[in-house]
Structures are given as C-alpha cells and as structure tokens.
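K.L.:
Below: sequence and its predicted model.
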Amino acid sequence: MKSPEQCESITDIRTEIDRLDRQVLALLGQRFAYVKAASKFKTSETSVRAPERLQAMLQQRRVWAEEQGLNADAIEKMYQDLVNHFIDEEMKHWKQSRIQYHSGAVD
C-alpha cells in the first residue's frame, strides 16, 4: 500500500483507490451479514425498521465523518441510502424467517 504522497502517477492513485474500494465493499458485505443476523432478534416490523436507532446511528456517522474531515451531509445521505436498502433486505429476511417458523420449516 502506498500513501497518497508516495504515489508517483495517476495509475498509482487509481490502483490505491481501487484497492480501498474493494476493502470498503468487503466490509459492507460483512455489515450486511450482521444486518441479516439481527433480524432473528427482531419481534415486529417496527423493530426491524427501528427509526430511533436509525436516527441515532446517522447522527453518530455525522460525528465520525466530521472527525475524518468529510462532509457530514454527504456521509449522512450515503448512509441513509445504504441503511434503507439494508433495512428493506432485513425486512425480507425477517418476514421469510417468520413464514418458515410458522410453517414448521425451521430447524
């Protein structure tokens, strides 16, 4: 890994950005696994959506963004989009697990 200062060409820069993006995506995949796992602890659609948790989480991400010198509004929007997608996926997973449970298909 080269620091930005060590990069000697635009190719070096792009290579490092691609490497970082790959790591970010791998972490998002891990995050999604936790989102799906969380559904087993949820008891209702409201608990899946958890609006109070969403707002608190977004506020914390704003703080973290500012600590990194990033635009808090842009980071909040990015997380809002990401988390809304994950909530939709978690809801599907939660509903499916309820169907399986009530049909006796659960281990």
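P.N.:
Nice, thanks for sending it over. These figures come from a predicted structure and were not determined experimentally.
K.L.:
helices or strands next to the helix of greatest length in the chain in the packing?
P.N.:
In the chain, taking DSSP state H as the definition, the longest helix is helix 72-103. Under the contact definition 3 or more CB pairs under 8 Å, 6 or more residues apart in numbering; DSSP states H and E, helix 72-103 sits against helix 10-38, helix 45-49, helix 51-67. In short, each C-beta sits where N, CA and C put it, glycine included.
K.L.:
Of all those helices, which one comes closest to I99?
P.N.:
I99 lies closest, by CB to CB, to one member of the helices and strands packed on helix 72-103: helix 45-49, at 13.7 Å.
K.L.:
Can you give the distance of that closest one from its chain's centre?
P.N.:
Distance, stretch centre to chain centre, for helix 45-49: 17 Å (CA atoms, centre = their mean, to the nearest Å).
K.L.:
Show me which residues of that helix are buried.
P.N.:
Buried residues in helix 45-49, counted by 16 or more other CB atoms under 10 Å: 48-49.
K.L.:
Residues contacting it, please?
P.N.:
Outside of helix 45-49, the residues within contact range by CB atoms under 8 Å, 6 or more residues apart in numbering are 39, 42, 87, 90-91, 94.
K.L.:
now those in JSON lines, with pLDDT and distance to L28?
P.N.:
Output for the contacts of helix 45-49, formatted as JSON lines (pLDDT from 0 to 100; distance: CB to CB, whole Å):
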{"residue": "S39", "pLDDT": "86", "distance to L28": "17"}
{"residue": "K42", "pLDDT": "89", "distance to L28": "21"}
{"residue": "I87", "pLDDT": "92", "distance to L28": "14"}
{"residue": "E90", "pLDDT": "89", "distance to L28": "14"}
{"residue": "M91", "pLDDT": "90", "distance to L28": "18"}
{"residue": "W94", "pLDDT": "85", "distance to L28": "20"}
